[in-house]
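>>> Return atomic coordinates for the entry below.
(one chain, ligands or ions: 1)
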Amino acid sequence: MEQRELLRKIPKMDDIWTKIETVKEIKQFDELIAKDELRAVLQNLRSDLLTDHADQFDERRLLEDFIVNEVLFRCKKLSSMQLRKVINGTGVVLHTNLGRAPLGDYVKDALWDIASGYSNLEMDLETGKRGSRYSHMKDLLLKLTGAEDAIVVNNNAGAVLLTLSAMTKGKEVIISRGELVEIGGSFRVPEVMEQSGATLVEVGATNKTHLQDYEKAITPETGALLKVHQSNFKIMGFTQEATMEELVELANKIDLPMINDLGSGLFLSLQSFGFPPEPTVQEAVAAGCDVVTFSGDKLLGGAQAGIIAGKKKWIQQIAKHPLTRALRVDKLTLCALEATLKLYLNPEEALVKIPALRMMTEKPKALETRAEALMDMLKPVMANKTIVNTSLVTETSQVGGGAYPTVQLESRLIRFEGEPQAVTKLERFLRQHQPAIIGRIQDNGYLLDLRTLFDDDFDVIVKAIECWIKLSAG
Ligand SMILES: *Cc1c(COP(=O)(O)O)cnc(C)c1O
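Residues are numbered from 1 along each chain as shown. Here you go, the predicted structure:
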């Protein structure tokens with residue numbers, strides 16, 4: 001049909017509305033909203049017909065029933081939760097796109113209690129006077145880190161920006177060229193520095209920076225020495241960096257603060273589980289760093305937050321800065337973080353109860369047992385079906401979140417193999433399933449990594465795959 005003719009076939013708003021109005025399901029939505037959606041649907045039809053690809057236009061879209069359904073679909077989408085639970089089969093424990101650290105059920109009661117009612121967020125219950133939202137977990141943070149004082153803000157990017165703004169505005173900050181990192185696209189050390197009003201003074205080379213490089217760069221304008229964790233990359237081979245102890249010593253000698261952006265916020269050494277050495281927060285504080293900053297939802301395993309800990313003098317100066325208010329953390333985060341931090345009072349408990357730590361330290365043997373259980377559940381579903389075959393394979397998973405970038409954790413995975421097209425379709429079906437199941441395609445197979453799957457996910461996965469097989473066969 002000709003374009004002009006098709007355009008004429010788009011129903012008039014009022015005509016089609018009289019039809020939509022009579023649909024029972026549409027009555028649960030506000031009339032203005034439903035009409036708005038209808039207007040958008042008609043507008044889409046018009047603009048799609050006016051493009052150069054109008055010849056590919058599917059004429060069924062002009063059918064009244066089709067339009068009614070489209071409006072209903074859009075209304076339903078608007079009123080249903082779009083931020084949804086996802087099952088993580090990628091094996092990446094701190095998957096930033098999937099919300100980083102999952103919280104354990106230890107937060108359940110506390111979180112709902114605080115969310116659904118009032119709390120002492122900013123009231124001191126001893127005196128009845130105004131209190132500070134930062135006070136609740138302060139004692140705990142100081143106990144766990146050994147720091148003199150601490151404050152929590154929205155995230156670690158904010159923590160770094162705030163720290164530099166409050167401590168080094170208008171001054172020079174010396175940092176190694178090997179530490180000018182970019183984290184997750186939009187956080188770049190040089191840009192954050194510029195935003196804070198401090199001047200970046202880069203020293204050394206990408207692979208090697210010596211203590212003397214810092215020494216030589218010190219001027220009367222110097223405001224601080226900064227160390228930034230390389231996080232998501234590693235330079236191998238001919239490398240050299242000044243240790244945090246050396247930098248602290250140098251900073252002390254010239255009476256300047258040493259700031260250390262640790263990134264991940266590791267509270268427990270994981271070396272006994274085969275992880276490479278990595279400074280814990282306690283070690284950085286004990287080494288004498290004046291201020292350390294780290295994330296709440298990376299290796300710490302809690303909620304999204306940026307924690308700033310260190311010498312009282314500096315933390316108090318930071319707390320007074322106007323950006324602190326702009327980056328302020330909400331009560332739900334404070335609650336989830338406090339509940340997580342409490343577990344660290346007993347490290348053995350933390351390793352089992354904090355999901356991110358449990359996943360990172362789960363042994364291949366345990367992963368295998370769980371993989372076998374999932375395989376057993378899948379067996380009846382897969383019986384006599386030839387679309388895909390399943391097998392239990394050994395592969396590696398990653399920590400993610402910019403932590404331990406070179407570490408490959410031995411894991412057990414379920415591999416679905418078949419025609420490339422079937423594998424692609426399976427991946428898409430599971431991704432669009434509710435709840436969504438996210439795996440990875442590798443060497444023409446679809447993989448689900450047991451490391452990041454909860455036992456509760458097994459049932460959902462089996463049912464989803466059963467459903468896909470039925471649809472594919474039919
Ligand atoms: C992850 C990271 C940040 C940013 O932390 P967010 O909590 O994601 O804002 C900053 N610095 C370093 C070194 C990091 O690893």
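>>> hang on, isn't Ala242 packed against Tyr214?
Yes: using CB atoms under 8 Å, Ala242 is in contact with Tyr214, at 6.2 Å. (Glycine included, C-beta is placed from N, CA and C.)
>>> Now for the two: what residues contact both?
176, 250 (CB atoms under 8 Å, 6 or more residues apart in numbering).
>>> more crowded one of those two?
Tyr214 (24 against 21; other CB atoms under 10 Å).
>>> where's that one, which helix or strand?
helix 211-217 (DSSP states H and E).
>>> same deal with Gly223?
Using DSSP H and E, the element containing Gly223 is strand 222-228.
>>> Neighbouring strands - and their directions - for that strand?
Take DSSP bridges as the rule and strand 222-228 pairs in its sheet with strand 172-176 (parallel), strand 258-263 (parallel).
>>> ok, is it in contact with the ligand or not?
Yes: on the criterion CB under 6 Å from any ligand atom, strand 222-228 is in touch with the ligand at Val228.
>>> what about the next helix or strand after that strand, near the ligand?
The element immediately downstream of strand 222-228 (helix or strand, assigned by DSSP H and E) is helix 244-253. No: with CB under 6 Å from any ligand atom as the criterion, the ligand is not reached by helix 244-253; the gap is at least 13.3 Å.
>>> helices or strands next to helix 244-253 in the packing?
Judged by 3 or more CB pairs under 8 Å, 6 or more residues apart in numbering; DSSP states H and E, the packing partners of helix 244-253 are helix 211-217, strand 222-228, strand 258-263.
>>> Run the angle between it and strand 258-263 for me.
Interaxial angle of helix 244-253 relative to strand 258-263 (axes from the mean of the first three to the mean of the last three CA atoms, to 10 degrees): 150 degrees.
>>> Give the rounded mean pLDDT of helix 244-253.
For helix 244-253, the mean per-residue pLDDT is 97.
>>> now that helix: how far from the chain's centre is it?
Chain-centre distance of helix 244-253: 33 Å, with CA atoms, centre = their mean, to the nearest Å.
>>> what's next to it, contact-wise?
Contacts for helix 244-253 (CB under 8 Å, 6+ apart): 211, 214-215, 224-225, 227, 242, 257-258, 260, 279, 284, 287-290.
>>> Name the residues of it that come out as buried.
Across helix 244-253, burial judged by 16 or more other CB atoms under 10 Å covers 244, 246-248, 250-251.
>>> quick one on the thing from earlier: tell me how far the strand holding Gly223 lies from the chain's centre.
27 Å.
>>> still on that earlier bit, which secondary structure elements does the helix holding Tyr214 contact?
strand 172-176, strand 199-203, helix 244-253.
>>> could I get these as CSV with distance to Ile151?
Below are the helices and strands packed on helix 211-217 laid out as CSV (distance: least, CB to CB, whole Å):
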stretch, distance to Ile151
strand 172-176, 20
strand 199-203, 24
helix 244-253, 21
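>>> Could you list the low-confidence segments of this structure?
185, 384-385, 474 (pLDDT under 70).
>>> now, of the helices and strands packed on helix 244-253, which is deepest in the fold?
strand 258-263 (a mean of 26; mean count of other CB atoms under 10 Å).
>>> that older thread, got a markdown table for the strands paired with strand 222-228, with distance to Gly301 too?
Conversion of the strands paired with strand 222-228 to a markdown table gives the following (distance: least, CB to CB, whole Å):
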| stretch | distance to Gly301 |
| --- | --- |
| strand 172-176 | 28 |
| strand 258-263 | 14 |
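>>> Which of those strands sits closest to Glu148?
Glu148 lies closest, by CB to CB, to one member of the strands paired with strand 222-228: strand 258-263, at 14.6 Å.
>>> helices or strands up against the next helix or strand along the chain from the closest one?
Where DSSP H and E defines the elements, the next helix or strand beyond strand 258-263 is helix 281-286. Where contact means 3+ CB pairs under 8 Å, 6+ apart, helix 281-286 is packed against helix 138-145, strand 258-263, strand 291-295, strand 306-310.
>>> Check the gap between the residue of the stretch 151-300 of the chain found nearest the ligand and Ala403 for me.
Relative to the ligand, the nearest point of the stretch 151-300 of the chain is Gly263 (2.5 Å; CB to the nearest ligand atom). Per CB to CB, to the nearest Å, Gly263 is found 7 Å from Ala403.
>>> quick one: common contacting residues for the two?
Counting by CB under 8 Å, 6+ apart, the residues touching both Gly263 and Ala403 are 231, 298.
>>> to the chain's geometric centre, what's the distance from stretch 203-210?
Relative to its parent chain, stretch 203-210 has a centroid offset of 31 Å by CA atoms, centre = their mean.
>>> for stretch 50-66, that is, sorry about that
Centre to centre, stretch against its chain (CA atoms, centre = their mean), the figure for stretch 50-66 is 39 Å.
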